[in-house]
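Engineer: Sharing a sequence plus its predicted fold:
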Amino acid sequence: MIPGTFDYFVPRSIPEAIELLSAHRDDVKVLSGGQSLLPLMKMRLSKPGYIVDIGKIPGLDGIVEEGDSLVLGALVTHAQIENSELLQKRCPLLPQTAATIADIQIRNRGTIGGSVAHADPAGDMPAAIIALDAEIKVAGPNGERWVKADDFFLGLLMSVLEPDEIVSAVRVPFTDKDKTAYLKAAPRSSGFAVVGVAVRMTMDSAGICARAALGITGISDKAYRPYRSQEILGGKKLDSKIIAEAAAESTRNIDVIEDINGSSEYRTHLTHVYVQRAIEAALQG
Amino acid sequence: MSPIDVRRKNLIQPSEMPYRTISGNVYDSGDYPGLLSTLLEKIDYDKLREEQKRERDKGRLIGIGIVVGVEPGGRNAARDMAIFPEMKEPPGSGGVNGATIKLEKNGTIALHLGSPNCGQAHETTTAQVVADILGTTPDQISTSIPFDSDLSPWGVAAANSGNNFHLYDIGAIHGAAKKLREKVVKLASHLLNADAAELTIENGVVQVPGSATKKVTFAELGRVAYNNQHLIPDDMEAGLQATYYYTFPHAKPNIVPGPDRLVRAQFTFSAGAHAAIIEVDKATGKVEVLRYLIVGDNGTVINPDVVNGQVYGSAAHGIAVALGEGFIYSPEGQPLTVTYLDYGKCSTAETPKVEVIHRPSPSPFTSLGQKAAGEGAAIPSPAAIASAVEDALTPFGVKITDLPLTPEVVWRLANHNPDSVRRSY
């Protein structure tokens, strides 16, 4: 439970951080809240020679309104998200998701930037930001770029992030009027998701689901959007038959993993159940 | 025959106590039918069955599990001979343990236990017992923690296992405190020129009741006992210190196995009746414990908070065994549950509320009627949960023969696919 030796840097600006990352790009890790990286280092599953702690960079810890969207700095913690009145009002899916992450101690330290950059296949935030059509701000040697959540995750702990890039912010749209929910199954309250489902639906005045957006985590190598389920729900009046049909399509073309917490058969079934329940929960909420 | 009738028919009756089992144990005391009837009354069993049926008709799978079990306490070291037949001599026998108690010069009491404490509040319980015997209050008593085998008396039972504390440690401090009380009274009666039989002790003051002058405090006695030889009776050892070694007075017969191999494995027997009321989510296989009630017999309860803590802890272990714990291996034999991230221990958040009602049958064999509490609730609880899950799945004709009942296992059982339950990946 003791990590290997490493050199530790605390840059005071993003360019300074990028410079350090570029200098040590083959052997460097970015430290944010440390809730994923530090356990991996303690178990020696990760042995970086250099750590760049971005925790002291000013300007990365706020939630600000920009037009009809909200921009969350990379250092905003899950606890801040869970308790933000602004988010509860403007983008409730994020607080709904943050509240289910691990335990209070971890939520106090873990950050949205870290959770997105780590690209854990059982992470909760990746599912939520996919359902929110969020954009991720990536800073690197050539400046900044915005990446759509759909394009960000590539596979197991892999994203489009280059070794000399950092996630500096996440932008989510106002979704006040949408129906949202995040529901997850976990072996223990502080455990990883066996499946997690984020749902966001835009309902029109006639009770028709104008658009449905979903993100699913925990059952494959990365969080994903079940396109076919969204198509089934879109433009329909949602009854139990439509919802069940959408749920049944939520694992189409997905290579569902298996481990000690569930076989792929069980996880597939559980995903269908959770998609259905998440939709119902969103409609009721 | 209902599961309750089967249990009622099998239970040993209070009139049969002390009861000798075929393996040589002697159950010291217990009212097992009483535990069961109190349990059934508290959960309103018959009404609960009706409610279960109504809910089942609505599609809810509720299950009730009722289990009664005993908890052996106070290990006999020689029992290992019955476990390991190749053993030619006992590794020890019975349980010997000591305690030293000292009335200090300033009137406070110091206690040296014969075994270590690892979170069971030994200092709280022992101070309470000593305070009662000596006529003082627990705040005047300090207990040496941590245990140091160089300084403390000790014996074969000086181990934090085998549910030993209640028998050997309480036995030893009880004996030591009684010895010290005799010394205190003897010295006081000499100083006060009073008959020892007349003296009472309250709040650290020895006195002739009603007399304004015939009284002496522990601090005054302490100063005399260690300082003033001329005030100490000639036939009395100076100092106010006592060491007592306890052995269980009812250890025979079968303290060491003879040719018949009968042996007393443990010397006291606590008991508990458990009710688990659970609900199975058929779609996910998740088991939710709706209510968990224990009617327990831990003998005389010396400190309810301490005893309840032991009962909660052991119940939490047993419930986790039923619902999540298990060593899982890959087909190649690689262990997969090597950290608490993977091993299915319940944390506080998953542990259901456990209700405890005490219905003690004090042991006739121990110093205060006390019996063990440390391991008891872990014994019936896995069976209570498994029985409740099987009961909930009655409509599917499921028999449960294996633990743990993880969500996937229960899902397969509830969905007519019991043969597909896998135990490794």
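Structural biologist: Arrived safely, thanks for sending.

Engineer: Which residues of chain A lie near chain B?
Structural biologist: A:103, A:185, A:187-191, A:258-260, A:262-263, A:266, A:269-270, A:273 (CB under 8 Å from any CB of the partner chain). In this view, the C-beta of every residue, glycine as well, is placed from N, C-alpha and C.

Engineer: dump the residue contacts of residue B:13.
Structural biologist: Going by CB atoms under 8 Å, 6 or more residues apart in numbering or on different chains, residue B:13 touches B:32, B:33.

Engineer: Check the gap between it and residue B:33 for me.
Structural biologist: Distance, residue B:13 to residue B:33, using CB to CB, to the nearest Å: 7 Å.

Engineer: Which strand residues bridge residue B:70?
Structural biologist: Counting by DSSP bridges, residue B:70 forms beta bridges with residue B:271.

Engineer: Please determine how far it is located from residue A:30.
Structural biologist: With distances taken as CB to CB, residue B:70 is found 58 Å from residue A:30.

Engineer: Repeat that for residue B:339.
Structural biologist: Here the criterion is CB to CB. By it, residue B:339 lies 25 Å from residue A:30.

Engineer: For the stretch 101-250 of chain A, give me the ranges with low pLDDT.
Structural biologist: The model of the stretch 101-250 of chain A has no residue with pLDDT under 70.

Engineer: Can you show me the strands along it?
Structural biologist: For the stretch 101-250 of chain A, the strands defined by DSSP state E, counting those that start in this stretch occupy A:135-140, A:143-148, A:153-155, A:158-159, A:166-173, A:179-185, A:195-203, A:208-217, A:236-237.

Engineer: and the longest one with strand A:179-185, angle?
Structural biologist: Meaning strand A:208-217. Between strand A:208-217 and strand A:179-185, the angle comes out at 30 degrees (axes from the mean of the first three to the mean of the last three CA atoms, to 10 degrees).

Engineer: With the first one instead?
Structural biologist: Interaxial angle, strand A:135-140 versus strand A:179-185 (the same axes, to 10 degrees): 70 degrees.

Engineer: How about the second one?
Structural biologist: Our comparison of strand A:143-148 with strand A:179-185, counting by the same axes, to 10 degrees, yields an angle of 90 degrees.

Engineer: Skipping adjacent residues, who's closest to residue B:410 in space?
Structural biologist: Leaving aside its chain neighbours, residue B:410 sits nearest to residue B:285 (3.8 Å; criterion: CB to CB, 6 or more residues apart in numbering or on different chains).

Engineer: ok, now which ones touch the residue in chain A positioned nearest to chain B?
Structural biologist: In chain A, the residue that lies nearest chain B is residue A:189 (3.9 Å; CB to the nearest CB). Residue A:189 is in contact with A:103, B:347, B:349, B:350, counting by CB under 8 Å, 6+ apart.

Engineer: May I have the secondary structure class of residue B:413?
Structural biologist: Following DSSP: H, G, I helix; E, B strand; the rest coil, residue B:413 is assigned to helix.

Engineer: That one reaches residue B:399, doesn't it?
Structural biologist: No. Applying CB atoms under 8 Å as the test, residue B:413 and residue B:399 come out as separate, 9.1 Å apart.

Engineer: Compare the two (neighbour count), which wins?
Structural biologist: residue B:413 (23 against 9; other CB atoms under 10 Å in any protein chain shown).

Engineer: show me the contacts for the more buried one.
Structural biologist: So residue B:413 contacts B:285, B:393, B:396, B:398, B:400, B:421 (CB under 8 Å, 6+ apart).

Engineer: Throw these into TSV and include pLDDT and secondary structure, thanks.
Structural biologist: Formatted as TSV, the contacts of residue B:413 follow (pLDDT from 0 to 100; DSSP: H, G, I helix; E, B strand; the rest coil):
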residue	pLDDT	secondary structure
B:285	96	coil
B:393	96	coil
B:396	91	helix
B:398	90	coil
B:400	93	coil
B:421	59	coil
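
Engineer: Dihedrals phi and psi, residue A:101?
Structural biologist: Note on residue A:101: its backbone torsions stand at phi -80, psi 120 [degrees, to the nearest 10].
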